[in-house]
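Please work out how this folds:
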Amino acid sequence: MYSKIILRIIHFDFLDANYAWSSQQLNRCSMSELFVQKNKVGVIKRLALFFYKFLRAFISFVKKIFLVKNKPHSKKNILVYAGSLNQYKALTGISVRDDAFTMSDDVNIPTDFPFPLILSYIFSILLLPIFIVKLIYKNNYFYKSLKFNIDGYLISIGHYITWVYVLKKYKPQIIVTSNDHNPANRALLFAAKDLNVLSVFIQHAPTVKGFPILQFDENLLEGQHSKDIYKNPFGKSVKLIGSSVIKHVNMNNSLDISIGISTGVISTLTDILGLIEVIQSTLPSCNIILRIHPADTRKKLWLEISDKYNLIFSEPKDERPVQFLSNITTLIGPMSGLLLEAASLKKAVFCFNGTSKVPDWYDFLDNNVCVKLESPSDIVNKFNSVYLNRLQESCYAAASYYFENLQSHFNYEENLNKIIDEMVSNSV
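Numbering: from 1, shown residues only. The predicted structure follows:
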């Protein structure tokens with residue numbers, strides 16, 4: 001067992017661990033503005049960010065020693081890891097189990113135990129020579145990606161060793177995560193493999209062409225679209241379990257048109273203002289709810305626009321997507337998973353990227369989950385009840401390709417826990 005771990009460290013595959021940035025098929029480098037703020041691009045800046053986060057992790061570690069009372073640990077079978085709030089929400093059906101405990105490196109996520117991030121940084125710095133050696137003879141795309149993700153490459157080997165430590169300490173039978181391409185999640189998968197711990201992947205967002213090969217022992221996907229996209233050459237177990245979003249389906253759409261406008265991190269002020277002005281001139285009595293992206297740093301500006309144009313503001317930190325969507329009949333927004341959620345809730349859905357170049361990541365346009373708006377003026381002839389009612393039906397029908405339980409309405413959480421129960425009993 002230990003020889004496996006040592007060999008993994010010596011031959012650590014930094015590219016595989018950082019699949020999201022190293023994959024030429026995903027090609028994030030050509031669309032970096034969707035993932036990295038412009039003022040954080042550059043090898044020197046990313047290295048500075050690495051050491052800044054190291055310092056923060058150290059301060060957090062010190063505070064924990066002196067200020068935080070450690071929770072008593074009792075043996076539990078399932079470790080649930082979430083790297084983001086969206087991942088955490090997707091894992092709620094498992095994390096509430098009595099035999100599960102949660103872990104995250106995000107201090108804003110309410111987990112049972114914090115991931116010991118300080119160890120990841122320490123191990124990464126100690127093993128820096130391995131990374132430097134691995135820099136030799138890599139492809140040009142890898143070198144190009146360093147200015148966006150050298151910090152991610154550096155810390156990935158530290159994540160792996162830290163996960164080995166965590167799994168040895170807590171001894172879970174099963175690990176569960178909802179991301180398969182970020183460094184911490186992939187490092188957890190590697191550690192689980194090397195320590196013979198069963199692994200489960202629960203999909204938390206629409207699948208993109210070019211995602212990694214399925215490698216978890218159990219792969220729980222939302223629908224047929226994901227199964228068609230993912231490659232499974234190793235014959236891993238794949239089950240279609242639908243989405244937890246579906247239990248919130250509300251068919252009682254108001255007869256009055258109420259429009260939701262969502263923004264993306266690269267949505268321009270000009271594009272959104274143009275959209276608002278066209279809607280208000282076409283439908284002056286229509287309610288408009290503006291919802292910004294959780295990562296958008298321009299909240300103050302959007303609040304000012306909401307006041308100026310008499311809009312309702314939806315705060316993503318306080319209001320869940322389903323709550324926002326339940327108050328509208330029509331959604332207009334950039335390409336994102338929110339469009340699919342709206343379609344599954346039987347809303348009329350329009351994709352509006354404005355002047356930003358965003359690809360059809362999830363095949364929403366090809367599969368008629370939404371209708372594309374090239375410019376704000378395109379909506380003028382579409383905003384009538386007959387067209388919008390027809391669009392609601394077609395968007396909803398298209399969403400069933402993505403969500404297995406949309407029209408069958410089987411119980412998502414019951415299905416999910418039945419699968420986990422079987423894995424627990426078989427692993428004893």
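
Spit out the contact partners of residue 396.
Shown in contact with residue 396 (CB atoms under 8 Å, 6 or more residues apart in numbering): 343-344, 346, 406. C-beta here means a position set from N, CA and C on the backbone, and glycine is covered the same way.

in the lowest-mean-pLDDT helix or strand in the chain, what's buried?
The least trusted helix or strand in the chain, going by mean pLDDT, DSSP states H and E, turns out to be helix 85-90, with a mean of 85. Neighbour counts over helix 85-90 (16 or more other CB atoms under 10 Å) mark 86-90 as buried.

where does that helix sit relative to the chain's centre, distance-wise?
Mean-position distance between helix 85-90 and its chain equals 8 Å (CA atoms, centre = their mean, to the nearest Å).

Can you show me the CA trace of that helix as CSV?
The C-alpha trace of helix 85-90 is given here as CSV (Å, rounded to 0.1, in the frame of the first residue of the first chain):
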residue,chain,number,x,y,z
LEU,A,85,-21.1,25.9,-2.1
ASN,A,86,-22.7,24.5,-5.2
GLN,A,87,-21.0,21.1,-4.7
TYR,A,88,-22.1,21.1,-1.0
LYS,A,89,-25.7,21.7,-2.0
ALA,A,90,-25.6,18.8,-4.5
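
picking up where we left off before, among the contacts of residue 396, who's most crowded?
With neighbours taken as other CB atoms under 10 Å, the top of the contacts of residue 396 is residue 343, carrying 30 neighbours.

got the buried residues of helix 85-90 as CSV, with distance to residue 278 columns?
Below are those laid out as CSV (distance: CB to CB, whole Å):
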residue, distance to residue 278
86, 31
87, 36
88, 37
89, 34
90, 35
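
and of those residues, the nearest to residue 180?
Relative to residue 180, the closest of these is residue 87; by CB to CB it sits at 10.8 Å.

pLDDT score assigned to residue 323?
pLDDT recorded at residue 323 is 89.

repeat for residue 358
Confidence score, pLDDT, at residue 358: 86.

Likewise for residue 411?
As predicted, residue 411 sits at a pLDDT of 83.

coming back round to it: name the residues that touch the least confident helix or strand of the chain?
Contacts of helix 85-90 with the rest of the structure, by CB under 8 Å, 6+ apart, involve 82, 95, 102, 104, 106, 108-109, 111, 177-179, 202-205, 244, 294.

from the chain's centre, how far out does stretch 332-348 sit?
With CA atoms, centre = their mean, you get 16 Å for stretch 332-348.

right, I mislabeled it, should have said stretch 390-403
Counting by CA atoms, centre = their mean, stretch 390-403 comes out at 22 Å from the chain centroid.

could you give the mean pLDDT of that stretch?
With pLDDT averaged residue by residue, stretch 390-403 scores 95.

Next: stretch 206-213.
91.

For that stretch, buried residues please.
Neighbour-count burial for stretch 206-213 [16+ other CB under 10 Å]: 206-208, 210-212.

likewise stretch 409-428?
412, 415-417, 419-420, 423-424.

Return the subset of the residues you listed lying in helices.
Applying DSSP state H to these, the entries found in helices are 412, 415-417, 419-420, 423-424.

Between which two of these is the distance greatest?
Spatially, the most separated pair among those is 412 and 424, at 18.8 Å (CB to CB).

Now do the contacts for residue 329.
253-254, 256-259, 347-348, 388, 392.

how does the protein divide into domains?
Structural domains annotated on the chain: 2-243+410-427, 247-399, as defined by automatic domain parsing.

which residues touch the one helix or strand residue 132 maps to?
Per DSSP states H and E: residue 132 is located in helix 128-134. Outside of helix 128-134, the residues within contact range by CB under 8 Å, 6+ apart are 9-10, 12, 14, 124, 153-154, 157.
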